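> Quick one: sequence and predicted model below, then my questions.
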Amino acid sequence: MMALRTARAFTGRTRVARFEGHYHGQHDGALASVAHVAGSEERPRPVADGAGIPQAVLDDVVVLPWNDIDMVAPVVREAAGDLAAIILEPVPFSNIGGVEPDPEFLRALRELTTQHGALLVFDEVITGFRLGLGGAAAHFGVTPDLHVFGKAVGGGFPVGVFGGRRDVMEAVVRPKPGDPHSPETIFQSGTFSGAPPAMAAGLAMLRELEQTDAIAVADARAEAVRAGWRELVGDLGLQAQVTGISSWLGLSFTDRPIRTRRDALTADPARARAFSLGLLAGGVYLAPSHPGFTSAAHSEDDVRRVLEMSRDVLARIAAASR
């Protein structure tokens, strides 16, 4: 929310573009075309993801198709005169399963926003400090104008962080000398902003990531599970897609490779729920509609247990499908 307010203040424009299926929080302007889709694949249109979202809010949202610059470019060109920013999850997590995008797509998006004077905003609430200490920006070699971080940056405590280009931050975020409420400066405040326990926890967590192999261990555990799942669904002849990179993982019951939200919507929710409940009965928790995470606390024995339970549950799902 604060990053988008910053982009609007800096550019003097009002509209924001976002991609189908990407999640950017629960404020009004973010809850459009997250879980639901409308319009054609080439020309999505904004649809509210729940009641209470005014049409006037949706009018300022431009929805883009994910991972295809040839479809994105003409939509952006049409909206460019009033487009403040394009925001995205560099690796869309919740609703697309953590599928790595084409790096060339991100680079082309960087060029497109620069060309039209819109800010590029990376929502790294998930990828930040999980996809390496440099996040997705370092992983893909693409630098946005603004970053958003959360979750991991607080070490488990509630906190959100945004920042980016010096000229942007100094122009509209830093209070003007002698006039902290200048109309050119955005408003930001909060009862729990900069809460000392959250700051201490976040700093402690970042020190651990810098000084240990926690990220590499978590990544290795997730890849072991993903590899095991790929082998299991192949052996059982199940139509399923294993998704995820780094330390997150997902399994979607569809024969369609998943690149976009519309691909993800072809997955069978009943099988996903059966898989989740079957694992839960064996002591393994994986949400039915949300990818899972590993951490450095997970051991090789944990991976074996997950795969043993997965083998049993997937075999039952396969048998019920025949």
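Yep, that arrived.
> Torsion angles phi and psi at residue 44?
With angles defined as degrees, to the nearest 10, residue 44 shows backbone torsions of phi -60, psi 150.
> Kindly state the beta-bridge partners for it.
According to DSSP bridges, the residues that bridge with residue 44 are residue 39.
> try residue 32
Each beta-bridge partner of residue 32 is listed here, defined by DSSP bridges: residue 48.
> What distance do you get for it to residue 84?
Summarising the geometry, the distance separating residue 32 from residue 84, computed by C-beta to C-beta, to the nearest Å, is 15 Å. No exception for glycine: its C-beta is placed from N, CA and C like everyone else's.
> ok, now residue 120?
Using C-beta to C-beta, one gets 11 Å for the distance from residue 120 to residue 84.
> Where does pLDDT dip in the stretch 101-250 of the chain?
Within the stretch 101-250 of the chain, the ranges that satisfy pLDDT under 70 run 180.
> the strands in it, which residues?
Listed from the start of the chain, the stretch 101-250 of the chain has strands (DSSP state E, counting those that start in this stretch) covering 119-123, 146-150, 160-164, 241-243, 248-252.
> The shortest one pairs with which strands?
For strand 241-243, the paired strands and their directions (DSSP bridges) are strand 248-252 (antiparallel).
> Pull the distance from the strand it pairs with to the chain's centre.
Average the C-alpha atoms of strand 248-252, do the same for its chain, and the two points are 14 Å apart (C-alpha atoms, centre = their mean, to the nearest Å).
> Isn't residue 164 up against residue 143?
No. Between residue 164 and residue 143 no contact is recorded; they are 9.1 Å apart, counting by C-beta atoms under 8 Å.
> When the two are compared, which one has more neighbours?
Neighbours of residue 164 and residue 143, each counted by other C-beta atoms under 10 Å, are more numerous for residue 164; the result is 22 against 13.
> Now do the more buried one against residue 10, distance only.
Taking C-beta to C-beta as the measure, residue 164 and residue 10 are separated by 10 Å.
> Check the contact lists of these two and give me the overlap.
Taking C-beta atoms under 8 Å, 6 or more residues apart in numbering as the contact rule, the neighbours common to residue 164 and residue 10 are residue 119.
> Just give the number of residues close to the nearest residue to residue 192 once chain neighbours are set aside.
Taking C-beta to C-beta, 6 or more residues apart in numbering, and ignoring the residues beside it in sequence, residue 192 has residue 158 as its nearest neighbour in space, at 7.1 Å. Neighbourhood size, residue 158 [other C-beta under 10 Å]: 11.
> List the contacts of the most far-flung residue of the chain relative to its centre.
Of all residues in the chain, residue 178 has its C-alpha farthest from the mean position, at 38.6 Å, by C-alpha atoms, centre = their mean. Contact criterion C-beta under 8 Å, 6+ apart gives no residues in contact with residue 178.
> Distance check, residue 142 against residue 219.
20 Å.
> whoops, residue 122 was the one
Between residue 122 and residue 219 the distance is 20 Å, computed by C-beta to C-beta.
> between the two, which one's more packed in?
Shown here are residue 122 and residue 219; by other C-beta under 10 Å, residue 122 has more neighbours (26 against 20).
> my guess is that one contacts residue 86, does it?
No. Contact criterion C-beta under 8 Å: residue 122 and residue 86 do not qualify, at 10.1 Å.
> burial measure for the closest residue in space to residue 201 that isn't next to it in sequence, as a count.
Leaving aside its chain neighbours, residue 201 sits nearest to residue 155 (3.5 Å; criterion: C-beta to C-beta, 6+ apart). Counted with other C-beta under 10 Å, the neighbours of residue 155 add up to 21.
> Just list the residues touching residue 155, thanks.
Counting by C-beta under 8 Å, 6+ apart, residue 155 touches 198, 201-206.
> With distance to residue 224 and neighbour count as new columns, can these be given to me in a markdown table?
As requested, those are exported to a markdown table (distance: C-beta to C-beta, whole Å; neighbours: other C-beta atoms under 10 Å):
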| residue | distance to residue 224 | neighbour count |
| --- | --- | --- |
| 198 | 32 | 19 |
| 201 | 29 | 17 |
| 202 | 28 | 20 |
| 203 | 31 | 13 |
| 204 | 28 | 10 |
| 205 | 24 | 18 |
| 206 | 26 | 15 |
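> quick one, what contacts residue 271?
When contacts are counted by C-beta under 8 Å, 6+ apart, residue 271 is found next to 253, 317.
> again with residue 311
residue 232.
> Now the strand or helix carrying it: average pLDDT?
With elements taken from DSSP states H and E, the one containing residue 311 is helix 300-321. Helix 300-321 shows an average pLDDT of 96 in the prediction.
> roughly how far is it from the heart of the chain?
With C-alpha atoms, centre = their mean as the basis, the distance from the averaged C-alpha position of helix 300-321 to the chain average is 27 Å.
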